[in-house]
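A.B. asks: Okay, structure incoming, though there's no sequence with it:
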């Protein structure tokens, strides 16, 4: 039963059984069925899975650039913060292993690290990426000692 | 002829001489039955106003105190709530503000097709009318321009 827009009712208006059934019973029934369907759809998604209808890239590998539009289904989103350690060095790498591997390489976003005033970061790069892990590399302008945080976010197809 | 209805049409439906007579009659009846604290006496608090709106092809206004809703008449623009008896104003009616371009608004709303075959009289038919374009009833709220109404109609036509 489809939703019917509800009119205001004023003194003197006739409110019939048909009105009650149309605007209360059927509308509540319509809302209830939509709520149940929405809840079922949400419950069916495993943790971390979101729905993004379209993707643009170069192939089924999400790490390859291009202009082809793809329909996508379930997408796994993972997030973390890499801890990259330095010992009097201008460059250092850290390997991150995904808690849940992707079925093909995901798109990975790296944030600019916070050095806490300990030096100037020249660049933060994604050195390598596979379906199960990636390597983040941070380069400083001069030697640095300590550890810095690099937040990351990955999107890719789930198994 | 299709038209947007108002208090005058309600008076006709209830066989009263005028909308004011209808409110006087009903409010007196409710007052006698102790349903409302004050009957309408014809007094209007000119500085206390409510805005008219169109709901399913009918000019109405809402009570700011109790959420009641009444028909209003542009030729006799007062609002007396038959749910609470305008108790906050001790039975004084409020003045109703109609939009200056109400004729244009009505003309645009009448362009919206509805199925209004069911109903005991014109007012009841309007209240029970079913928009042909889903969700697009003959309704207007203060703040909406005629251009807004035109856009809504165009959007609904395209969607259908």
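C.D. replies: Looks like it came in fine. Quick caveat: nothing in here was measured; it's all calculated off a predicted structure.
A.B. asks: tally of neighbours for residue B:61?
C.D. replies: For residue B:61, the count of nearby residues is 26 (other C-beta atoms under 10 Å in any protein chain shown). C-beta coordinates here come from the backbone N, C-alpha and C atoms, glycine included.
A.B. asks: ok, now which ones touch residue A:84?
C.D. replies: A:92, A:93, A:94, A:113, A:136, A:138, A:147, A:148, A:149, A:150 (C-beta atoms under 8 Å, 6 or more residues apart in numbering or on different chains).
A.B. asks: Excluding residues flanking it in the chain, which one is nearest it?
C.D. replies: Closest residue to residue A:84 apart from its sequence neighbours, by C-beta to C-beta, 6 or more residues apart in numbering or on different chains: residue A:94 at 4.5 Å.
A.B. asks: So that neighbour: helix, strand or coil?
C.D. replies: With DSSP: H, G, I helix; E, B strand; the rest coil as the basis, residue A:94 sits in strand.
A.B. asks: ok, now which ones touch it?
C.D. replies: Going by C-beta under 8 Å, 6+ apart, residue A:94 touches A:82, A:83, A:84, A:85, A:135, A:136, A:150.
A.B. asks: which of those residues count as buried?
C.D. replies: Applying 16 or more other C-beta atoms under 10 Å in any protein chain shown to the contacts of residue A:94, the neighbour count classes A:82, A:84, A:136, A:150 as buried.
A.B. asks: Assign a three-state SS to the third one, would you?
C.D. replies: State at residue A:136, reduced to three classes by three-state DSSP: strand.
A.B. asks: Out of the contacts of residue A:84, give me the two with the largest separation.
C.D. replies: Maximum pairwise distance among the contacts of residue A:84 (C-beta to C-beta): 14.9 Å, between A:93 and A:149.
A.B. asks: What is the subsequent helix or strand relative to the worst-scoring helix or strand of chain A on mean pLDDT?
C.D. replies: Taking mean pLDDT, DSSP states H and E as the measure, chain A has strand A:49-51 as its least confident helix or strand, at a mean of 67. Using DSSP states H and E, the helix or strand that follows strand A:49-51 in sequence is strand A:54-57.
A.B. asks: which outside residues touch that following strand?
C.D. replies: A:62, A:64, A:65, A:66, A:67, A:68, A:69, A:70, A:71, A:72.
A.B. asks: tell me the SS of residue A:69?
C.D. replies: Residue A:69 ends up strand, using three-state DSSP.
A.B. asks: residues in contact with residue A:18?
C.D. replies: B:118, B:128.
A.B. asks: Am I right that it falls within a helix?
C.D. replies: Yes. Applying three-state DSSP, one finds residue A:18 inside a helix.
A.B. asks: what's the spacing between it and residue B:119?
C.D. replies: Going from residue A:18 to residue B:119 by C-beta to C-beta, to the nearest Å gives 10 Å.
A.B. asks: chain center to stretch B:6-26, what's the gap?
C.D. replies: 13 Å (C-alpha atoms, centre = their mean, to the nearest Å).
A.B. asks: Could you check that stretch and say which residues are buried?
C.D. replies: Across stretch B:6-26, burial judged by 16+ other C-beta under 10 Å covers B:6-13, B:16, B:19-20, B:22-26.
A.B. asks: Excluding its own residues, what touches that stretch? List them.
C.D. replies: Here stretch B:6-26 makes contact (C-beta under 8 Å, 6+ apart) with A:10-12, B:39-40, B:42, B:58-59, B:71-76, B:78, B:80, B:82, B:121-124.
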